[in-house]
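**Q** sequence plus the predicted model coming up.
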Amino acid sequence: MKLLLIDDNTSLTKSIAGFLESTWDVTAAYSGEDGIKLARSGNYDVIVLDLNLPDVSGNSVCRSLRRFGVTAPILVLSGITELNSKISLLQSGADDYVTKPFDISELQARLLALLRRGRLDDPKAPYLLKADNLVLDPLKRRVERSGRTITLRRKEFDILEYLLRNQGRVVTRGMIMDNVWDADSDSWNNTVDVHIKSLRDKVDRPFKRQLITTAYGLGYTINERYGRRVKSRERRSS
């Protein structure tokens, strides 16, 4: 698989390339302009793009690549945590983002998730997050399953988005707390369990197949390959 890494941080670039070299053919570009040229001339499976480049902003690179017809998924590396900034990235053409600092194994999981999703399932909405018949739109903050709109509270939506962005990977309660709640929040881990139960009541119980599963002693995951069927008695009780 071919990966284009656009980042001016040479030490980080070498670290990522070294970690991924067993499964990825990594090409590095150290400026936005070089990245655009390589992306246009090469057939890459995924592009990893740093938001803060010395010559061109990551947002501008995203827009240029999409304008030039580059359809490879783009994963942005960014220190940005504000919701509006994330939305702006997605609107510029990015498919996903990883907030710095990050673990390279998480980056690898996100890359594989992008490949599994398939970027052009809907060319007009490449940023949609999907698992089986569940679809989440992070821009409009809408969720549907089997074409049925599901209304979620803000934290429920944020948890579901985080699970979908880490599809196939177990996330701990602590990871959910760190990524969904504010840094100065005094919420406890059982708050996550309460929200997960409410989320399951809305996303899973009315349907034939459970997508949100518990990794006992570890945390939670969404994996469309291994989600179990919900017993008819469970559906009736919902």
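**A** Structure's in. What do you need?
**Q** after the helix or strand where Leu163 lies comes which helix or strand?
**A** The secondary structure element spanning Leu163 is helix 154-165 (assigned by DSSP states H and E). Under the assignment DSSP H and E, the closest C-terminal helix or strand after helix 154-165 is strand 171-172.
**Q** can you tell me which helices and strands that next one packs against?
**A** Here strand 171-172 touches strand 219-222, going by 3 or more CB pairs under 8 Å, 6 or more residues apart in numbering; DSSP states H and E. Glycine gets a C-beta too; all of them are placed from N, C-alpha and C.
**Q** buried stuff in the strand it packs on?
**A** 219-222 (16 or more other CB atoms under 10 Å).
**Q** likewise for stretch 105-114?
**A** Buried residues in stretch 105-114 (16+ other CB under 10 Å): 107-114.
**Q** give me the average confidence score over that stretch.
**A** Stretch 105-114 carries an average pLDDT of 82.
**Q** gap between the two ends of stretch 43-51?
**A** Terminal residues of stretch 43-51 lie 22 Å apart, using CA to CA, to the nearest Å.
**Q** ok, stretch 132-149 next?
**A** The straight-line separation of the ends of stretch 132-149 (CA to CA) is 15 Å.
**Q** re the thing from before, can you redo the buried residues of strand 219-222 as a markdown table with distance to Leu134 and pLDDT?
**A** Rendered in a markdown table, the data for the buried residues of strand 219-222 read as follows (distance: CB to CB, whole Å; pLDDT from 0 to 100):
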| residue | distance to Leu134 | pLDDT |
| --- | --- | --- |
| Gly219 | 19 | 91 |
| Tyr220 | 15 | 94 |
| Thr221 | 14 | 93 |
| Ile222 | 8 | 90 |
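**Q** save the buried residues of stretch 105-114 as JSON lines, and put in distance to Asn43 and secondary structure too.
**A** Conversion of the buried residues of stretch 105-114 to JSON lines gives the following (distance: CB to CB, whole Å; DSSP: H, G, I helix; E, B strand; the rest coil):
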{"residue": "Leu107", "distance to Asn43": "21", "secondary structure": "helix"}
{"residue": "Gln108", "distance to Asn43": "21", "secondary structure": "helix"}
{"residue": "Ala109", "distance to Asn43": "23", "secondary structure": "helix"}
{"residue": "Arg110", "distance to Asn43": "21", "secondary structure": "helix"}
{"residue": "Leu111", "distance to Asn43": "16", "secondary structure": "helix"}
{"residue": "Leu112", "distance to Asn43": "19", "secondary structure": "helix"}
{"residue": "Ala113", "distance to Asn43": "21", "secondary structure": "helix"}
{"residue": "Leu114", "distance to Asn43": "16", "secondary structure": "helix"}
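**Q** before I go, just wanted to say thanks for your time.
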